[in-house]
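K.L.:
build the 3D model from these lines:
(one chain, ligands or ions: 1)
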Amino acid sequence: MARAFADVAVPREVVDAVLDAGLRAPSAGFSQGWAFVVLEGREQTAPFWELTAPITSAGGGRWGRRKQAPVLILPLANRQAYVDRYAEPDKAALGLDPVAAWQAPYWLVDTSFATMTMLLAATNAGLGALFFALGRDDRELLAHLGVPGGYQAIGAIALGWPGDGDVRSGSLARGRRPRRETVHYGRWAGA
Ligand SMILES: Cc1cc2nc3c(=O)[nH]c(=O)nc-3n(C[C@H](O)[C@H](O)[C@H](O)COP(=O)(O)O)c2cc1C
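P.N.:
Next up is the predicted model:
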């Protein structure tokens, strides 16, 4: 993740190449129940930051450089697309309706996969990218952007050319959990 961005625009074709990587993500039943709102330039990004405050104002000036990101992508998940897809003849026998029967909410899984492939594509393109949580009621933001009902934002991606003074997450001090704790060959092994 990158948290400082240069005040330089990202050409639309570069943004679209990142989005294309998201659109190639796998999806359950090939439902592709996702959508992405792309905000480019100050005029479009400033209202986003206003409508996501106070969470994006928290931590003093920590969000300052992130707000310079020239591009924001809002990945949205559509639960109904999966309910409808899994009611189709080739899927109905799975019994994944009503929604309570879903062990893993595929709409969040798929939108997250798409988000991750975009983060990787952005990094490959030499961009910096940050996925961050909106952390508060996003209804006002979604209404401002004209997002139809039924779409849930899973967070947001800030995108731009890397800037000076990048800040690593304070959480990294926790250290990466070792494989012996997290991977279990054959069966779950105690510590
Ligand atoms: C679901 C999720 C929410 C996150 N929210 C934030 C956030 O609100 N602010 C932030 O700076 N980073 C956020 N991150 C980034 C993590 O802090 C970061 O991925 C982690 O510290 C590991 O650092 P790295 O991705 O640079 O290796 C989030 C990551 C995920 C997956």
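K.L.:
any idea which helix or strand carries E50?
P.N.:
Under the assignment given by DSSP states H and E, the secondary-structure element containing E50 is helix 42-52.
K.L.:
now the helix or strand just after that helix against helix 42-52, angle please.
P.N.:
Under the assignment DSSP H and E, the closest C-terminal helix or strand after helix 42-52 is strand 71-78. Angle of strand 71-78 versus helix 42-52, following axes from the mean of the first three to the mean of the last three Cα atoms, to 10 degrees, is 50 degrees.
K.L.:
and G64, how far from S57?
P.N.:
Shown here: G64 relative to S57, a distance of 10 Å by Cβ to Cβ, to the nearest Å. In short, each C-beta sits where N, CA and C put it, glycine included.
K.L.:
any idea how many residues pack against E88?
P.N.:
The tally of other residues near E88 (other Cβ atoms under 10 Å) stands at 10.
K.L.:
what sits against the closest residue to it other than its chain neighbours?
P.N.:
Distances taken as Cβ to Cβ, 6 or more residues apart in numbering put G29 closest to E88, at 7.8 Å, once the chain neighbours are dropped. Under the criterion of Cβ atoms under 8 Å, 6 or more residues apart in numbering, the contact partners of G29 comprise Y82, R85, Y86, E88, K91, Y106.
K.L.:
out of these, flag the one nearest to V18.
P.N.:
Taking Cβ to Cβ as the measure, V18 sits nearest to Y106 out of those, at 22.9 Å.
K.L.:
the closest one: neighbour count?
P.N.:
Per other Cβ under 10 Å, the neighbour tally for Y106 reads 23.
K.L.:
nearest residue to it other than its sequence neighbours?
P.N.:
The shortest distance from Y106 to any non-neighbouring residue, by Cβ to Cβ, 6+ apart, is to A28 (3.9 Å).
K.L.:
again with L145
P.N.:
Nearest to L145 is V37, by Cβ to Cβ, 6+ apart, at 5.2 Å.
K.L.:
can you list contacts of stretch 32-48?
P.N.:
By Cβ under 8 Å, 6+ apart, the residues outside stretch 32-48 that reach it are 9-10, 12, 15, 19, 22-23, 27, 67, 69-82, 85, 106-107, 110-111, 114, 141, 144-145, 147, 151, 156.
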